[in-house]
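> Next input, structure requested:
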Amino acid sequence: MTATTVVIGAGPGLGLSIAHRFGREGRTVALVSRNAARHPGYLASLASAGVEATAHAADVRDRDALRRVLDDIAARHGAIDVVYYGPGAADPAARPAPITATDVPAAQDAMSWVYPAIDTVRAVLPGMLERGDGGLLFAGGLSSVLPMPVLGSLALSSAALRNYAVTLNAALADQGVYAGTLTIGGVIERGDIHSAIVAQPDLVGGMEVRTLDPDALADGAWDLYKNRDEAEAVFNVLA
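Residues are numbered from 1 along each chain as shown. Okay, the predicted model is just below:
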């Protein structure tokens, strides 16, 4: 049976690079994102690299839609071996309120991106444990470990997602299933936030924009999964 990698939050930056990197290892890829209009381009890019892939539209914050998509992928491709969870912001150009102005509704909205990660794990983990193998990969921001007051409520959700990932790693270490996280400090090239900044430089108020190559991040994700000796890889060009 072909191994299947699900990329949740497939976009033109890191998501597509993850799909290419795992596809290069002979894996079938299933892309999940909100914007179905982009899917033909993603699939064409993967097909040109010899990667078998399908694309599925769902907003991960819609719990029923997310579960249906995961069920559809399993029905079409068989067992899900690896899940990468890294959905982007609904509005890449939006600025969060700083931490001193963060209120409960803002924190709840930020955390709404963490809950789908839990739903995803709950959907795929039983099968992985039954097979004694699998991978759960997450992507989050550097604010999870380094105080970045300007990111406000996003720092809270980043910290929660990172803690979930590394705690899963500890819980699953002797059960054959790997969990790990990419902690990212920088703007990912080709991604939606990078595109928004290029189009509207005033979004960062004249600050220097330091970028990361999504292909290098995808290599890091593959190394985490393959080697399984660390719970986290940190990529930081901000310091």
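
> residues making contact with stretch 26-42?
For stretch 26-42, contacts defined as CB atoms under 8 Å, 6 or more residues apart in numbering pick out 2-12, 15-16, 19, 22-23, 43, 46, 51-60, 66, 69, 73, 76-77, 80-82, 87, 90. Backbone N, C-alpha and C define where each C-beta goes, glycine included.

> Buried only: go through those for me.
Buried subset of these (neighbour count, 16 or more other CB atoms under 10 Å): 3-12, 15-16, 19, 22-23, 43, 46, 51-56, 58, 60, 66, 69, 73, 77, 80-82, 87.

> now, which of those residues lie within helices?
15-16, 19, 22-23, 43, 46, 66, 69, 73, 77 (DSSP state H).

> residues of the helix ranked longest in the chain that come out buried?
Ranked by residue count, the top helix of the chain under DSSP H comes out as helix 153-172. For helix 153-172, the neighbour count (16+ other CB under 10 Å) marks 153-162, 164-166, 168-169, 172 as buried.

> Show me which pair in those residues is furthest apart.
With distance counted by CB to CB, no two of these lie farther apart than S153 and L172, which are 28.7 Å apart.

> Any idea which residue is closest to the centre of the protein?
Among the residues of the chain, the one closest to the centroid is G86, at 1.4 Å (CA atoms, centre = their mean).

> Dihedrals phi and psi, that residue?
Dihedral pair for G86: phi -160, psi 50, per degrees, to the nearest 10.
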